[in-house]
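>>> my questions are about this predicted structure, shown below with the sequence.
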Amino acid sequence: QVQLRESGPGLVKPSQTLSLNCTVSGGSITTDYYYWSWIRRPPGKELEWIGYIGYRSNTHSTPSLKSRTSISRDTSKNQFTLQLSSVTPEDTAVYYCARGWTTADYWGQGIQVTVSS
């Protein structure tokens with residue numbers, strides 16, 4: 001059973017960089033053909049797929065967030081990381097990590113991140 005767990009600060013100040021980690025257990029992030037994604041749900045809005053890092057360490061970000069998004073991984077920790085720079089209150093959301101891109105079979109429980117001064 002693959003399990004994912006998000007971790008990071010729940011409160012970030014405007015203009016700072018949001019940084020979240022996703023620790024994976026029960027499966028390796030280097031396993032062929034899997035993509036490891038970040039998704040968010042702002043209050044009252046739909047899910048937004050932010051980006052992924054693939055099994056070959058290739059990355060992709062949704063165009064609207066591409067200039068502010070960086071996704072990386074640490075294979076020694078079986079962990080991948082989201083960094084979202086220059087945050088504003090509009091980046092307030094529940095952030096999820098998951099296995100898959102636009103369709104995911106395993107999800108973390110989510111972490112609330114609020115952008116506020």
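Cool, got the structure.

>>> the residue minimising distance to the centre of the chain: which element?
Among the residues of the chain, the one closest to the centroid is W38, at 2.8 Å (C-alpha atoms, centre = their mean). Secondary structure from DSSP states H and E places W38 in strand 35-41.

>>> sheet partners, orientation included, of that strand?
The pairing partners recorded for strand 35-41 under DSSP bridges are strand 48-54 (antiparallel), strand 93-99 (antiparallel).

>>> ok, the residue nearest to the centre of the chain to R5 distance?
Remark: distance between W38 and R5 (C-beta to C-beta, to the nearest Å) = 13 Å. (Glycine included, C-beta is placed from N, CA and C.)

>>> who touches both of these two?
Shared contacts of W38 and R5, defined by C-beta atoms under 8 Å, 6 or more residues apart in numbering, are found at C22.

>>> can you list contacts of the strand holding W38?
20, 22, 24, 29, 47-55, 71, 73, 80, 82, 93-101, 104, 110.

>>> could I get the contacting residues of V115?
Going by C-beta under 8 Å, 6+ apart, V115 touches L11, V12, K13, P14, L18, V87, T88, P89, E90, D91, T92.

>>> hmm, which two among those are most spread apart?
Using C-beta to C-beta, the contacts of V115 reach their maximum pairwise distance at L11 and E90, which is 15.4 Å.

>>> would you list every one of the helices in the protein?
For the chain, applying DSSP state H gives no helices.

>>> out of the strands paired with strand 35-41, which is the most enclosed?
Mean neighbours per residue, mean count of other C-beta atoms under 10 Å, is largest over the strands paired with strand 35-41 for strand 93-99, with a mean of 23.

>>> run the chain-centre distance for that strand.
5 Å (C-alpha atoms, centre = their mean, to the nearest Å).
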